[in-house]
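[1] sequence and predicted structure, then a few things I'm wondering about:
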Amino acid sequence: MRIPSRRTFWLTAATLFAAIVVCVWLFVPHSRITRKNGDRIHNYMSLGEVVEILGQDYSTEDHSPDVGQDQFVACYWRSGPNWICITFHNGTVLGKVDYFVTPWEELKWYVKRGAEKIGIKSESGVSAH
């Protein structure tokens, strides 16, 4: 029996790695919290229209004054390190603020968070939350 050459070993390893990356990309659910979806949000949209784009999973903070009829609510959609905050005035979009990282920064964020879950602390001491 012949031992495989280094070239064959590394070619097999690279092919296996590429196959794993493709499988993960295809089968891991993708977030709706993206720059493209964030750009679809514009003033005067209703909460229902925004939920159709970004999904049901959001948190709210009521910022309404105690006096008067105006209602101000801030809704937050989060996915990993990315987030979108939309302010609603009487049920329609008043404005939005968003924060998106590069795919590389997002991968680093998930790696740090995974390491923290199993008890490994990051070098910088900064939490991934």
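    Thanks, I have the structure now.

[2] now do the same contact list for residue 42.
    residue 93 (CB atoms under 8 Å, 6 or more residues apart in numbering). (Each C-beta comes from the backbone N, C-alpha and C, glycine too.)

[3] for it, which three-state class applies?
    In the three-state summary, residue 42 is assigned as coil, counting by DSSP: H, G, I helix; E, B strand; the rest coil.

[4] try residue 53
    Here residue 53 is recorded as helix under three-state DSSP.

[5] surely it meets residue 36?
    No. Because the distance of 9.8 Å does not satisfy CB atoms under 8 Å, residue 53 is recorded as not touching residue 36.

[6] who has more neighbours out of these two?
    More crowded of residue 53 and residue 36, by other CB atoms under 10 Å: residue 53, with 16 against 9.

[7] per-residue pLDDT, that one?
    Residue-level confidence at residue 53 comes out at 95, pLDDT.

[8] list the contacts for it?
    The neighbours of residue 53, taking CB under 8 Å, 6+ apart as the test, are 32, 37, 40, 41.

[9] can you tell me which residue is spatially central in this structure?
    In the chain, the C-alpha nearest the mean C-alpha coordinate belongs to residue 79, at 2.8 Å (CA atoms, centre = their mean).

[10] so who does that residue touch?
    When contacts are counted by CB under 8 Å, 6+ apart, residue 79 touches 31, 32, 33.

[11] could you rerun that using 6 Å?
    For residue 79, the contact set (CB atoms under 6 Å, 6 or more residues apart in numbering) comprises 31, 33.

[12] show me what it is bridged to.
    Following DSSP bridges, residue 79 is listed with bridge partners residue 82.

[13] do you know how far it is from residue 44?
    25 Å (CB to CB, to the nearest Å).

[14] ditto for residue 6
    Spatial separation of residue 6 from residue 44 under the definition CB to CB is 63 Å.

[15] before we move on, what about residue 61?
    Applying CB to CB, one obtains 21 Å for the distance of residue 61 from residue 44.

[16] can you check which helix is longest in the chain?
    In the chain, with assignment by DSSP state H, the single longest helix is helix 6-27.
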